[in-house]
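Novice: Structural data only, the sequence is not supplied:
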């Protein structure tokens, strides 16, 4: 694999010599160039980017994250920037222009060739989280009464346009309604006088322009096609989505799922949480922490109700962190298993009861073992069988309840149409803390201090 | 999207009538059938599976999870099972046979056509987590002195073999060394008398048979090709990997990352944690919990050292859950951001210092705010300015330290070549608990109880 650090050191050595720099840059794949550009300082990045041929610059642009695309376009003169945009596929161009301020993108749109800007304008009308916002409108379509030879000849003239991706050929009627699909493979292995309608598949998996990106990702993961057609409400073909668009999407969704489970709000962009204004990071992180704070005060209040017990036997206090730490952790394990399972489809709502039963057993086994260990250690250490029994029994009960609650919460949230990933975050563990302390102090006051 | 529950209800109504059942089953896409089969009871599943045509049964088999593949093959007579295996692509067949016991898979291998079993046997020699273990050995290769027309004719005869996937045509020399690649698109849009060597790309991104699946996934995510060639140490072409193999892989790796961060060991298969023997779930979950237990006892010990303080002022005990809860949560936020960023490439080792600084600032801002809130609430509630000050200051210090530790740990682990995902799990939060209690009690004894 490419060692980006080494490459950058080498580039910096020849940075003063444009000819050498250009020669060096041209030896890399555009995906590698994008990785390299991400690590360069802004002025170095611009200097290198300007040395690329237009075609290669546009290709590299596609691999760059949105913030760097905007940065580079802003630094180039408008002429060059427009030329690069025109070399992008429509969907990539729409993505870049969608990142700019409205008046800026308007300036570029006016400079672009008419056909191009029309296509991009239409794409910009779709919600960016919808199939319409992700699709590429350039699709090769053919009539069903064409022969394989006609199609091959048609492709030969049509696909010279560099932005056409060739996976499947879509068959449409005169009003552009989607009738069927033929794979290139089928096309290349069928006698050339066969009619398209005789080899096309008409039970087509298709996406609607308004389908949310979650659905898009699910359909791709399920059917494992390289590309899916996108149609409007009347089944008119509007574009197609290819798997590489979906890859980025799946990665983003996974990041959101992981962040949600750590109580990081997805209302703020990942980029901005990591490197934007500190206030953005603050806004993403405070809300769930604040809920934890409230939960924490409830826990404090629970403990406070037993301050007589604490007065009589202060030693019981020192076991609090152990009890809530372990119940919290076993709860997170169960929640994580369910949330991830629900998200990959490994776990379904139908299985809820089965998993509840199973996790309870697991909780009982682990809680039983750990309760025993804690009891033995406490008895040996503090020389009090009663204290050991109370701490050990509290540990077992807490761990079992934590497992059950941790398993239940994702199903309940999903049933309520709330993203279950938020359950594995701070909220459910805080609830487990509160419950755990209540149980512990109830046992303490019943068996140790006589309250 | 397909509503699997409804379909299953409908299937159950016609279960007694094989003809109707078969008719109904034939209306579904194989990917849908796989989803449906997963939800059926074993005997229903077998009954439905037997009604599928061989071709469709094999296609559906590919979409099923490994445990169901093994279950179905075991229930079928060996004759039918062998026929279905022969309809699978080599790599899928190797995956299925790899799941069986050695003597069972040997029985099948002996029944398969010689060429088929040879290919599968070779695949089985590769580690299943390597490029060799994932690749499909059927690749269309051509010589560089063939013309485009020659290639098109060759494909027409060759690709009738149903298992060949057509994305790129690989160009090799007489000893099968990989020389270049031509996309189908290029082939279809170039004059037919052009020589392959004039249109092939020779700077090819390629995988080595021994490359670990992590590398495979990274290369696909980075270069976004539909397929990558796999070569041996001497650059001889051995097979190719297609993006749909990688999709499953990426999903599995993400699951492992998420599980690791919740302290669930990846030594046990996800399937088995969720639905296998309870002992497997126990084995996956106990190790990290056990470490937490040890950490918990250290925390107990820290608190115990201050039992004089607890005797004098038992009320300080009730703030422990609040303090460790919030520091734990802010720590998990930072760790999660870094671990996920490192995994997607959004964060790199070079940025470690930058992120440390930035996260410290975020920790200071949030910790400052929360410390203030806790102080005010405590002063109002407990009518003690000293207590409020100590709790508030401890909260701020703990949250800042938790942020710094949570940010640092993933970089340190990655530097030590340990999977940073394990850092966001129980271990780092337990460390934060211990540190937090030590700081709190130090402040308590210095300013409140005079110890």
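Specialist: Yep, it's here. All values reported here derive from a predicted model rather than from experimental measurement. Numbering: from 1, shown residues only, chains lettered A, B, ... in the order given.
Novice: For the helix or strand bottoming out on mean pLDDT in chain A, give me every contacting residue.
Specialist: Across the helices and strands of chain A, mean pLDDT, DSSP states H and E gives its lowest value to helix A:270-275, namely a mean of 80. With contacts defined as C-beta atoms under 8 Å, 6 or more residues apart in numbering or on different chains, helix A:270-275 is touched by A:65-67, A:252, A:255-256, A:259, A:264, A:280-281, A:284-285, B:337, B:341, B:346-347, B:354-355, B:358. Heads up, the C-betas are built off the backbone N, CA and C, glycines and all.
Novice: List the buried residues of it.
Specialist: Under the neighbour-count criterion of 16 or more other C-beta atoms under 10 Å in any protein chain shown, helix A:270-275 has A:270, A:273-275 buried.
Novice: I'd like these laid out as a markdown table, including distance to residue A:19.
Specialist: Compiled in a markdown table, the buried residues of helix A:270-275 are given as follows (distance: C-beta to C-beta, whole Å):
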| residue | distance to residue A:19 |
| --- | --- |
| A:270 | 39 |
| A:273 | 41 |
| A:274 | 37 |
| A:275 | 34 |
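Novice: Among those residues, which pair sits farthest apart?
Specialist: For the buried residues of helix A:270-275, the farthest-apart pair by C-beta to C-beta is A:270 and A:275; their separation is 9.5 Å.
Novice: Just the mean pLDDT for stretch A:148-160, thanks.
Specialist: Stretch A:148-160 carries an average pLDDT of 82.
Novice: typed the wrong thing, it's stretch A:309-322
Specialist: When pLDDT is averaged over stretch A:309-322, the result is 87.
Novice: check whether that stretch contacts chain B.
Specialist: Yes - interface with chain B: stretch A:309-322 contributes A:310-311, A:314-315, A:317-322 (C-beta under 8 Å from any C-beta of the partner chain).
Novice: Output the below-cut-off pLDDT ranges for the stretch 1-150 of chain A.
Specialist: The stretch 1-150 of chain A contains residues with pLDDT under 70 at A:1.
Novice: In it, which residue sits closest to chain B?
Specialist: Residue nearest to chain B within the stretch 1-150 of chain A (C-beta to the nearest C-beta): residue A:31, separated by 4.7 Å.
Novice: Might one say that residue A:283 is in contact with residue A:268?
Specialist: Yes - at 5.8 Å, residue A:283 counts as touching residue A:268 under the criterion of C-beta atoms under 8 Å.
Novice: higher neighbour count, those two?
Specialist: Taking other C-beta atoms under 10 Å in any protein chain shown, residue A:283 and residue A:268 do not tie; residue A:268 has more neighbours (19 against 15).
Novice: which stretch of helix or strand covers the nearest residue to the more buried one once chain neighbours are set aside?
Specialist: In space, and not counting its chain neighbours, residue A:268 is closest to residue A:284: 4.0 Å by C-beta to C-beta, 6 or more residues apart in numbering or on different chains. Using DSSP states H and E, the element containing residue A:284 is helix A:278-305.
Novice: Following the chain onward from that helix, which element is next?
Specialist: Using DSSP H and E, the helix or strand that follows helix A:278-305 in sequence is helix A:307-312.
Novice: ok now the next helix or strand after that next one, how far from the chain's centre?
Specialist: Heading C-terminal from helix A:307-312, the first helix or strand you meet, by DSSP H and E, is helix A:320-344. Taking C-alpha atoms, centre = their mean, to the nearest Å, the mean C-alpha location of helix A:320-344 is offset from the chain mean by 21 Å.
Novice: Can you mark which positions in the helix or strand just after helix A:320-344 are buried?
Specialist: Going down the chain from helix A:320-344, the next helix or strand is helix A:352-382, by DSSP H and E. Residues of helix A:352-382 classed as buried: A:352, A:355-356, A:358-360, A:362-367, A:369-371, A:374-375, A:377-379, A:382 (neighbour count, 16+ other C-beta under 10 Å).
Novice: check the residues you listed against chain B, which are close?
Specialist: For chain B, the contacts drawn from the buried residues of helix A:352-382 by C-beta under 8 Å from any C-beta are A:355, A:358, A:362, A:365-366, A:369-370, A:374, A:377.
Novice: Which segments of chain A make up each domain?
Specialist: By the assignment in automatic domain parsing, chain A contains the domains A:4-125, A:141-242, A:270-447.
Novice: Next, the distance between the ends of the last one.
Specialist: Start and end residues of domain A:270-447 are separated by 51 Å (C-alpha to C-alpha, to the nearest Å).
Novice: Can you give the contact residues for the helix or strand harbouring the residue of the stretch 1-150 of chain A closest to chain B?
Specialist: Here residue A:31, judged by DSSP H and E, is contained in helix A:30-39. The contact list for helix A:30-39 (C-beta under 8 Å, 6+ apart) reads A:2, A:4-5, A:7-8, A:11, A:25, A:28, A:45, A:48-49, A:52, A:56, A:59-60, A:62-65, A:68, B:222-224, B:345, B:348, B:350.
Novice: which ones are touching residue A:78?
Specialist: Shown in contact with residue A:78 (C-beta under 8 Å, 6+ apart): A:107-108, A:111.
Novice: Please indicate which of those residues are buried?
Specialist: For the contacts of residue A:78, buried by 16+ other C-beta under 10 Å: residue A:108.
Novice: tell me which of the contacts of residue A:78 is nearest to residue B:303?
Specialist: Distances from residue B:303 to these, taken by C-beta to C-beta, are shortest for residue A:108, at 62.9 Å.
Novice: The closest one and residue A:97 touch, don't they?
Specialist: Yes - with contacts counted by C-beta under 8 Å, residue A:108 reaches residue A:97, the gap being 6.1 Å.
Novice: list the residues that contact both of those two?
Specialist: Counting by C-beta under 8 Å, 6+ apart, the shared contacts of residue A:108 and residue A:97 are residue A:85.
Novice: what's the spacing between the helix holding residue A:31 and its chain's center?
Specialist: On C-alpha atoms, centre = their mean, the centre of helix A:30-39 falls 22 Å from that of its chain.
Novice: Repeat that for stretch A:441-451.
Specialist: Using C-alpha atoms, centre = their mean, the offset of stretch A:441-451 from its chain centre is 48 Å.
Novice: which residues touch it?
Specialist: For stretch A:441-451, contacts defined as C-beta under 8 Å, 6+ apart pick out A:302-303, A:305-306, A:308-309, A:312-313, A:316, A:386-387, A:389-390, A:393-394.
Novice: hang on, the earlier thing: narrow the contacts of residue A:78 to those in helices?
Specialist: With helices taken from DSSP state H, the overlap with those comprises A:107-108, A:111.
Novice: ok, residue A:153 to chain B distance?
Specialist: Residue A:153 is 10 Å from chain B, where distance means C-beta to the nearest C-beta, to the nearest Å.
Novice: neighbours of residue A:175, just the number please.
Specialist: Using other C-beta under 10 Å, residue A:175 is surrounded by 8 other residues.
Novice: My error: substitute residue A:415 in the last question.
Specialist: Residue A:415: 11 neighbours (other C-beta under 10 Å).
Novice: follow-up on the earlier one: of the contacts of helix A:270-275, buried ones?
Specialist: Among the contacts of helix A:270-275, the ones that count as buried by 16+ other C-beta under 10 Å are A:65, A:252, A:255-256, A:259, A:264, A:280-281, A:284-285, B:337, B:341, B:346-347, B:355, B:358.
Novice: Specify which member of these is nearest to residue A:82.
Specialist: Among the buried ones among the contacts of helix A:270-275, residue A:65 lies closest to residue A:82 (C-beta to C-beta), at 21.3 Å.
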